[in-house]
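S.K.: Below are the sequence and a predicted model for it; my questions follow.
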Amino acid sequence: MTIAQLMQEQQVDALSLPLAPASLPMHVIIDRIITPEFWPCAACGCLGVTARVLDTEEGPRWLDLCWDHGMNVHQPSPGMPMTMEGIVAGLRAAAEAVGARLAILNDDDSRGDSHGRAGSLPPHG
Ligand SMILES: [Zn+2]
């Protein structure tokens, strides 16, 4: 879903969003996300945990979104794996590249086996 689609679906008026400074460095956006101040999600009013700046006809505006609405408009980076198998393959390749051991646990593994040992997916290859 695009931001425009989310805003239309949730009937968010861009001009009702808080004014944002023009030309923000990334650290200012990160500061807004990590500040203890409550920035409501523009779509649902819940705690905003993501922030971005929209260019509107009346200048830049903050678009704060909660986790769910933020993820709804999240666009994966080019080449980013979209399946669990692809993510695991990427993790294995990264571990191999740096010579690190990798154990991937799932929810069942975290409970451990009957001997109290955590399990892991079998090694690749
Ligand atoms: Zn929301």
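M.R.: Good, I have the coordinates. Residues are numbered from 1 along each chain as shown.
S.K.: C-alpha from now on. contacts and neighbour counts both.
M.R.: Noted.
S.K.: per-residue pLDDT, residue 25?
M.R.: Turning to residue 25, the model gives it a pLDDT of 87.
S.K.: ok, residue 70 to residue 63 distance?
M.R.: As judged by C-alpha to C-alpha, to the nearest Å, residue 70 and residue 63 stand 10 Å apart.
S.K.: Give me the more crowded residue out of the two.
M.R.: Applying other C-alpha atoms under 10 Å to residue 70 and residue 63 shows that residue 63 carries more neighbours, namely 25 against 21.
S.K.: Who does the more buried one form a beta bridge with?
M.R.: Legend: beta-bridge partners of residue 63 under DSSP bridges are residue 52.
S.K.: where does the chain dip in pLDDT?
M.R.: Counting by pLDDT under 70, the chain contains low-confidence ranges at 109-125.
S.K.: Go again with 50.
M.R.: Where the chain drops to pLDDT under 50, the residues are 114-116, 118-119, 125.
S.K.: Contact residues of it facing the ion?
M.R.: 41, 43, 44, 66, 69 (C-alpha under 5 Å from the ion).
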